[in-house]
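Participant: coords below, sequence missing:
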């Protein structure tokens, strides 16, 4: 077997995969007794005597997927005090959902227990409000009665004290005046007691009203949190499951996921595009408007053209792909009508080489 064939076979079975791959020229010295050499598959064979020839740009292979400009994302909601929730039920991936349909249900046990506690608290606040209202009204009535009693005693004492000293003994006259002074003080104290009872009633009832409203708001919020643990679709489209960022494993029923983590997406079936990723070392080799050729993994033998519409300005790290940083590449395309395009389908994107002329 020739040396060049052995090398190609070794490369084919090496098992190395890359998200973006540059295919450059491979040149192997000819074996003894042979006059041929291996060149890049993108470079046409020429005579050995040619000093120069037009060489196409190196090819990049990017991985991407069909996406939609309009989509709905599903993330773990912030409900209650928990920071993680378990996926209790979820539609299978690829299911076509319609607006209003339940897509994901999270474990509701913790929020349900919280609702029971809040309902008990609401009942306790209501009972406390009723009992204290009765008690406070009773104190106010008692203060009113004492004030009325002291006012009657004061009126009686005023009549007695009004008797002139000429008609009664001097000591009796003095006692009557002293008793009137005492009753005047008692009336003042009774008025103060009534004012304090009224103020206490007003302040306590206001606080109880605040406590009751707070308990009602907390209970209403708990019911909202309970409803938020059921995620419903707002648009029609296929359900695509998200992946755990570190292991790249798709989310499934039974997983406990952190609040805020995106677990699924429903893209619309119109305004489709391809989102691909290019390594930071290769991003300078792409430019908006550049022509590309794309192939669906499901129909790898069918190719259709596309054009780079946008290149991300900031690289991000994709932990499942190693430590490198990656730029997002948006690609416009118009697929043949006989190719079924569904958001989420994997796409191989070829750039450079002979496709630069498209």
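Facilitator: Yep, that arrived. It should be emphasised that the depicted structure is a prediction, and the values quoted were computed from it without experimental measurement.

Participant: Only C-alpha atoms from now on, for both contacts and neighbour counts.
Facilitator: Will do.

Participant: Now do the contacts for the residue most central in space within the chain.
Facilitator: Closest residue to the average C-alpha location of the chain: residue 260 at 3.8 Å, with Cα atoms, centre = their mean. Residue 260 makes contacts with 75, 76, 77, 78, as judged by Cα atoms under 8 Å, 6 or more residues apart in numbering.

Participant: Okay, helices next: where are they in the stretch 1-150 of the chain?
Facilitator: For the stretch 1-150 of the chain, the helices defined by DSSP state H, counting those that start in this stretch cover 3-12, 109-161.

Participant: Need the winner for burial among those helices.
Facilitator: For those, the largest average neighbour count (mean count of other Cα atoms under 10 Å) is found in helix 109-161, namely a mean of 16.

Participant: what is the rounded mean pLDDT of that helix?
Facilitator: Averaging pLDDT along helix 109-161 yields 94.

Participant: Check which helices and strands the helix or strand just after it sits against.
Facilitator: The helix or strand immediately downstream of helix 109-161 is helix 170-228, counting by DSSP states H and E. Packing partners of helix 170-228 (3 or more Cα pairs under 8 Å, 6 or more residues apart in numbering; DSSP states H and E): helix 109-161.

Participant: Return the distance of the helix it packs on from the chain's centre.
Facilitator: Remark: helix 109-161 is offset 47 Å from the chain centroid, using Cα atoms, centre = their mean, to the nearest Å.

Participant: and if you look at stretch 288-296?
Facilitator: Distance, stretch centre to chain centre, for stretch 288-296: 33 Å (Cα atoms, centre = their mean).

Participant: Pull out the buried residues from it.
Facilitator: Using 16 or more other Cα atoms under 10 Å as the test for burial, stretch 288-296 gives 290, 291, 292, 293, 294, 295, 296.

Participant: Among those residues, which lie within helices?
Facilitator: The members of the buried residues of stretch 288-296 all map outside helices under DSSP state H.

Participant: pLDDT and distance to residue 93 for the residues you listed - can I get that in JSON lines?
Facilitator: Below are those laid out as JSON lines (pLDDT from 0 to 100; distance: Cα to Cα, whole Å):
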{"residue": "290", "pLDDT": "94", "distance to residue 93": "33"}
{"residue": "291", "pLDDT": "94", "distance to residue 93": "32"}
{"residue": "292", "pLDDT": "95", "distance to residue 93": "29"}
{"residue": "293", "pLDDT": "94", "distance to residue 93": "28"}
{"residue": "294", "pLDDT": "93", "distance to residue 93": "24"}
{"residue": "295", "pLDDT": "92", "distance to residue 93": "22"}
{"residue": "296", "pLDDT": "92", "distance to residue 93": "19"}
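
Participant: Among those, which ones are in strands?
Facilitator: In strands, judged by DSSP state E, the following of these are found: 291, 292, 293, 294, 295, 296.

Participant: Show me which of these is closest to residue 116.
Facilitator: residue 296 (52.2 Å; Cα to Cα).

Participant: What spatial separation is found between the closest one and residue 271?
Facilitator: Per Cα to Cα, to the nearest Å, residue 296 is found 18 Å from residue 271.

Participant: cool, residue 189 as well?
Facilitator: 82 Å.

Participant: who has more neighbours, these two?
Facilitator: Of the pair residue 189 and residue 271, residue 189 is the one with more neighbours under other Cα atoms under 10 Å, namely 15 against 11.

Participant: now the helices of the stretch 1-150 of the chain as TSV including distance to residue 66?
Facilitator: Listed next are the helices of the stretch 1-150 of the chain as TSV, based on distance: least, Cα to Cα, whole Å:
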stretch	distance to residue 66
helix 3-12	27
helix 109-161	37
